[in-house]
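> let's see this in three dimensions:
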Amino acid sequence: MNVPVAAARRTSLFVFALGLAFLIEGGARCDARELYVSLADDTIERFDSVTGATLGTFVSAGISGVTGLAFDQSGNLYAANDPDDVAGSGTISKITPAGVVTTFATGLTEPRGVAVDLSGNIYVASATLHTIRKFSPAGVMSAFVSAGLNSPRGLAFDASGFLYVANSAGNSISKVSAAGAVTLFKAGVTNPYGLAFDGSGNLYAANLSAGTITRITQAGAATQFATGFSEPYGLAFDGTSTLFAVNGNDVTIDRITLGGVVTSSFITMTASATFIAFAPIPEPTTGTLAALGTAGWLATRRRPRRVR
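Numbering: from 1, shown residues only. As a prediction, this is how the structure comes out:
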């Protein structure tokens, strides 16, 4: 971990991307140095987020067409798989900290964004059904949101437990209560995909077709944060409030400071990336975990097809 523990505990919320969340004072911390990246060759690789160097392969089999990633607070990684875009063929894989892959759920239609709440429940967006399904830690499925969304992609929890949803076809972001009530948080966000929160509660949205990232305050005021990306999909913050963005149109990940300064092609991979996430480090403290979820997630261009 390359972040002082005190600093990590005092920041309110880190959301990683590709969807990925993070937490509040005293809760699990992220491993701000190890970045997990799902690639279009159906592997998950680890990279050093400080140097950009590869740290080796984490998963080499058992996943296919990954369309979302999220860690729970115990360090298990959940991956949405949609290898062929056929209704009912999507699955969720559960990957232990040791890299052991098992099938967690089956029978999903175009699963996209993934998020995990404080209680370990897993949320999965369906792009074509315009719904969100909720799974208990034991794998029991229930309907969480059945209406009010428009081609949902990225998911991210805020520090208060509200789930934010990127409506890629609706050019908007929805806010969902713990009871599943949907309200419009922000309209006019061009083709949003990945979502991530910074430590001050500002929401960042990757604008796929525009090649930009939008920053939205808690009050809903939107500004252009950074430009010059190549189909940005997943977003993720590390423990130092540095944002990472996947370029779905090539094989790179960019690094962006809170001031909007972009280091292009900070990480270069052997295949195009789909999603990114930082793993949590559980701590036996009295605080509360804000949300380990997918904040920036996202579906990417795969070779030879692209996920939409």
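
> which SS class is S209?
Classification of S209 using DSSP: H, G, I helix; E, B strand; the rest coil returns coil.

> now A87
Once three-state DSSP is applied, A87 turns out coil.

> which pLDDT value belongs to it?
At A87, the model reports a pLDDT of 87.

> same check on P83?
Per the predicted model, pLDDT is 89 at P83.

> tell me which helix or strand it sits in.
P83 is part of no helix or strand, with elements assigned from DSSP states H and E.

> does it touch G65 like I think?
Yes: between P83 and G65 there is a contact under Cβ atoms under 8 Å: 3.7 Å. (Each C-beta comes from the backbone N, C-alpha and C, glycine too.)

> more neighbours, those two?
Neighbours per residue (other Cβ atoms under 10 Å) separate P83 from G65, with G65 holding more: 23 against 16.

> what sits closest to E45 if chain neighbours are left out?
With sequence-adjacent residues excluded and distances taken as Cβ to Cβ, 6 or more residues apart in numbering, E45 is closest to V37, at 5.2 Å.

> just checking, next helix/strand downstream of the strand or helix carrying the one you found?
Take DSSP H and E as the rule and V37 turns out to sit in strand 29-39. The helix or strand immediately downstream of strand 29-39 is strand 44-48, counting by DSSP H and E.

> for that next one, buried residues please.
I44, E45, R46, F47 (16 or more other Cβ atoms under 10 Å).

> next SSE after it?
Assigned by DSSP H and E, the successor of strand 44-48 is strand 54-59.

> contacting residues around that following strand?
E34, Y36, T43, I44, E45, R46, F47, D48, I95, G99, V101 (Cβ atoms under 8 Å, 6 or more residues apart in numbering).

> now it: how far from the chain's centre is it?
19 Å (Cα atoms, centre = their mean, to the nearest Å).

> that one: which residues count as buried?
F58, V59.

> now the angle from that strand to strand 44-48?
Relative orientation of strand 54-59 versus strand 44-48 (axes from the mean of the first three to the mean of the last three Cα atoms, to 10 degrees): 160 degrees.

> can you tell me the average pLDDT over strand 54-59?
The model assigns strand 54-59 a mean pLDDT of 96.

> done for today, thanks.
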